[in-house]
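1. got a sequence here, can you build the structure:
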Amino acid sequence: MMMSIAAFCLAYAGFSALCLAMDRHYEDVFDRELPRRHRASLRIVGWIALALSLWASAAVWGWSYGTVEWIGILSFAGLLLIWFVSYRPVAAISAGGLCAVAAPVLAWV
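-> Just a heads-up that it's a prediction; the model follows:
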């Protein structure tokens, strides 16, 4: 159960990093232009977090059911982020950072 929550946290954190890698969302959060050197690193971190989310789901349910669970987690995390970033962009990205910190703790428990 906790590993599935960790998978959700990793997915949300990954989508948050990918969201920040976009000019518009970065400017909404930080009120300045996205530096080019940050764009690639945010994308890499985002994709790594999504891959770790898949691994966490597969660790709990195996690769067949874990992949199905992961797709559901991606859908829920993505929709939650889209909704949250529309109304409170700073809080949405802060929640992504909190999820990035919480995921390893939840996976360890």
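2. quick one: the nearest residue to residue 49 once chain neighbours are set aside from residue 33, how far?
-> Nearest non-adjacent residue to residue 49, counting by CB to CB, 6 or more residues apart in numbering: residue 14, 3.1 Å away. Every residue, glycine included, has its C-beta placed from N, CA and C. Residue 14 is 23 Å from residue 33, where distance means CB to CB, to the nearest Å.
3. who has more neighbours, those two?
-> residue 14 (27 against 9; other CB atoms under 10 Å).
4. for the more buried one, what are its contacts?
-> When contacts are counted by CB atoms under 8 Å, 6 or more residues apart in numbering, residue 14 touches 45-50, 52-53.
5. and for residue 80?
-> residue 12.
6. quick one on the thing from earlier: would CSV of the contacts of residue 14 with distance to residue 21 be doable?
-> Below are these laid out as CSV (distance: CB to CB, whole Å):
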residue, distance to residue 21
45, 9
46, 7
47, 10
48, 13
49, 12
50, 13
52, 17
53, 17
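7. ranking these by neighbours, who comes first?
-> Ranking the contacts of residue 14 using other CB under 10 Å puts residue 53 first, with 25 neighbours.
8. for residue 106, report the pLDDT, please.
-> For residue 106, the model assigns a pLDDT of 88.
9. around it, how many other residues sit close by?
-> Neighbours around residue 106, by other CB under 10 Å: 19.
10. please apply the same query to residue 75.
-> 11.
11. show me how far the helix or strand containing it is from its chain's centre.
-> Secondary-structure assignment from DSSP states H and E places residue 75 in helix 36-87. The chain centroid and the centroid of helix 36-87 are separated by 5 Å under CA atoms, centre = their mean, to the nearest Å.
12. buried sites along the next helix-or-strand element following that helix?
-> Moving toward the C-terminus from helix 36-87, the next helix or strand (DSSP H and E) is helix 89-108. Residues of helix 89-108 classed as buried by neighbour count (16 or more other CB atoms under 10 Å): 89, 92-93, 95-96, 99-100, 102-103, 106-107.
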